[in-house]
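*Asks:* below are the sequence and a predicted model for it; my questions follow.
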Amino acid sequence: MRGDGNLPPVAHRVAVLGSTGSIGTQTLEIIAERPDAFEVVALAAHSNVELLAAQAEQFRPGVVALIDGTRAAELKERLPAGVDLEVGSDALASLSSEGDVVVNGVVGFAGLGVTLGALRAGRRLALANKESLIAAGPVVAPLRDTPGAELIPVDSEHCALHQCLRAGSPERELAELVLTASGGPFRGHSPAQLATVGVEDALAHPTWSMGPKITVDSSTLMNKGLEVIEAHELFGVDYARIKVTVHPQSIVHSMATFRDGATIAQLSLPDMRLPIGYALAYPERLDSPFGALDLTTKMHLDFEPPDTQAFPCLQLAYHAGTAGGTAPAWLSAANEVHVDAFLDGVIRWQQIAELNTRALECWDGAPADSVEAVLAADSAAREVARRLVAA
């Protein structure tokens with residue numbers, strides 16, 4: 001690519017997996033604005049037939065995948081001529097080698113196959129699915145050395161760190177990474193207040209518009225805890241040098257502090273199109289100023305330590321990360337079950353952290369030395385979590 005901000009005349013071929021979710025739809029919004037630079041070659045969704053069919057009509061990929069096969073016949077009738085259909089859970093992994101860039105916007109552990117498949121195939125992986133890296137970091141790590149493979153994080157915090165670390169030599173010069181957290185909708189709440197919050201309260205994020213699972217995780221600070229584990233896996237920094245600060249404005253997306261005392265930060269308005277566009281165009285940048293700040297106007301940038309007493313999920317994630325092995329996979333899987341139970345009205349908000357703690361206490365200590373070991377840990381943790389919810 002040229003260094004003038006323009007993308008090359010040959011378009012990047014992009015597979016958008018999880019295309020009907022928040023990350024997927026925003027990815028396609030960017031691509032629609034730059035048809036000269038990007039071509040959609042594959043789309044995949046879980047069950048949203050209506051939106052997937054509309055996306056296929058607009059972008060005309062070579063293939064689409066529907067994970068929930070119960071409506072496959074309906075989707076097939078609505079697809080444009082020349083668009084193939086794949087069905088079932090294996091379809092995600094099969095599409096992960098399509099194109100030059102694979103956007104993994106799949107929610108939860110189901111995205112693991114996409115992460116593994118894209119890296120094995122030597123593709124650029126634009127990773128928004130943090131669970132696959134958290135659960136299977138030791139398995140994913142060697143695949144990043146595959147010729148052509150490239151992992152660019154799409155999480156706003158890790159994308160910010162990726163940009164900050166371009167300014168130095170992390171191995172020699174880095175002192176610590178600082179992840180920022182908005183604090184979610186319950187920042188400053190007392191335990192008594194937290195005891196009565198409901199689903200609608202947890203989904204009312206003050207600065208970001210995200211899917212329900214990640215929004216609930218943000219409200220418990222589990223999302224930030226999982227991001228700590230992800231930062232460790234992405235950048236090879238030990239947990240003692242990964243810090244979290246609460247920054248309610250969500251303007252500073254993360255920071256890197258170097259040995260000489262310099263701190264480099266990435267600032268922008270909350271807009272996921274910025275990290276998505278960064279991953280699509282890397283190592284160049286798009287010329288669309290998503291989230292651009294007007295620094296001539298008055299603004300406040302506040303920072304405060306996280307309240308780990310009210311939000312114990314953050315420290316629980318540190319504990320799982322430092323324990324290593326399949327502990328992160330175990331915690332991530334149990335948390336998915338408990339968040340689903342909260343969204344379904346089966347448990348209270350505070351019980352998410354309580355049950356996550358009890359589930360992690362049941363971890364069997366297994367190493368994460370293979371995909372099979374990670375899958376086994378995920379399955380066992382979900383079973384433990386389901387029993388805890390039922391009890």
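*Replies:* On my side now, so go ahead.
*Asks:* kindly list the longest helix within this structure.
*Replies:* Counting residues, the longest helix found in the chain (DSSP state H) is helix 371-390.
*Asks:* what about the stretch 251-391 of the chain, any weak spots by pLDDT?
*Replies:* For the stretch 251-391 of the chain, applying pLDDT under 70 flags no range at all.
*Asks:* show me where it has helices.
*Replies:* Applying DSSP state H, counting those that start in this stretch to the stretch 251-391 of the chain gives helices spanning 273-281, 313-323, 327-343, 349-361, 371-390.
*Asks:* mind putting these into CSV with mean neighbour count and distance to Glu77?
*Replies:* Using the backbone N, CA and C atoms, a C-beta is placed for each residue, glycine as well. Shown next, in CSV, are the helices of the stretch 251-391 of the chain (neighbours: other CB atoms under 10 Å; distance: least, CB to CB, whole Å):
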stretch, mean neighbour count, distance to Glu77
helix 273-281, 25, 31
helix 313-323, 21, 44
helix 327-343, 26, 31
helix 349-361, 19, 41
helix 371-390, 18, 35
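*Asks:* columns distance to Thr196 on top of the ones you listed, output as TSV?
*Replies:* Shown next, in TSV, are the helices of the stretch 251-391 of the chain (distance: least, CB to CB, whole Å):
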stretch	distance to Thr196
helix 273-281	35
helix 313-323	19
helix 327-343	14
helix 349-361	9
helix 371-390	20
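*Asks:* these two touch, right, Val237 and Ala231?
*Replies:* Yes: contact criterion CB atoms under 8 Å: Val237 and Ala231 qualify, at 6.6 Å.
*Asks:* pick out whichever of the two has more residues nearby.
*Replies:* Legend: neighbour count by other CB atoms under 10 Å for Val237 and Ala231, higher for Ala231 (27 against 21).
*Asks:* beyond the host helix or strand of the more buried one, next helix or strand please.
*Replies:* Using DSSP states H and E, Ala231 maps to helix 222-235. Going down the chain from helix 222-235, the next helix or strand is strand 242-246, by DSSP H and E.
*Asks:* run the chain-centre distance for the helix holding Ala231.
*Replies:* A distance of 10 Å separates the centroid of the chain from that of helix 222-235, by CA atoms, centre = their mean, to the nearest Å.
*Asks:* got a list of what the nearest residue to Leu331 once chain neighbours are set aside touches?
*Replies:* In space, Leu331 comes closest to Ala320 once its chain neighbours are excluded; the distance is 4.3 Å by CB to CB, 6 or more residues apart in numbering. For Ala320, the contact set (CB atoms under 8 Å, 6 or more residues apart in numbering) comprises Ile229, Ala327, Pro328, Trp330, Leu331, Leu360.
*Asks:* turn those into a markdown table, including distance to Val40.
*Replies:* Output for these, formatted as a markdown table (distance: CB to CB, whole Å):
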| residue | distance to Val40 |
| --- | --- |
| Ile229 | 31 |
| Ala327 | 38 |
| Pro328 | 32 |
| Trp330 | 36 |
| Leu331 | 35 |
| Leu360 | 40 |
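*Asks:* ok so, going back, gap between the residue nearest to Leu331 and Ala391?
*Replies:* Per CB to CB, to the nearest Å, Ala320 is found 22 Å from Ala391.
*Asks:* go on, Leu133?
*Replies:* Distance of Leu133 to Ala391, given as CB to CB: 31 Å.
*Asks:* the two: who's more crowded?
*Replies:* Counted by other CB under 10 Å, Leu133 and Ala391 do not tie: Leu133 has more neighbours, with 30 against 7.
*Asks:* tell me the pLDDT of the more buried one.
*Replies:* Confidence at Leu133, expressed as pLDDT, is 91.
*Asks:* in this structure it contacts Val140, no?
*Replies:* Yes: using CB under 8 Å, Leu133 makes contact with Val140 at a distance of 5.8 Å.
*Asks:* where do the contact lists of those two overlap?
*Replies:* Here Leu133 and Val140 have Thr115, Glu233 as joint contacts, going by CB under 8 Å, 6+ apart.
*Asks:* low-confidence ranges, the stretch 101-250 of the chain, go.
*Replies:* For the stretch 101-250 of the chain, the stretches with pLDDT under 70 are 168-170, 208-209.
*Asks:* which residues of it fall in helices?
*Replies:* Ranges of helices in the stretch 101-250 of the chain, per DSSP H, counting those that start in this stretch, are 112-120, 130-140, 156-165, 170-173, 191-194, 199-202, 212-220, 222-235.
*Asks:* any chance of the ones you listed in CSV with distance to Pro147 as columns?
*Replies:* Below are the helices of the stretch 101-250 of the chain laid out as CSV (distance: least, CB to CB, whole Å):
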stretch, distance to Pro147
helix 112-120, 11
helix 130-140, 16
helix 156-165, 21
helix 170-173, 22
helix 191-194, 49
helix 199-202, 44
helix 212-220, 32
helix 222-235, 20
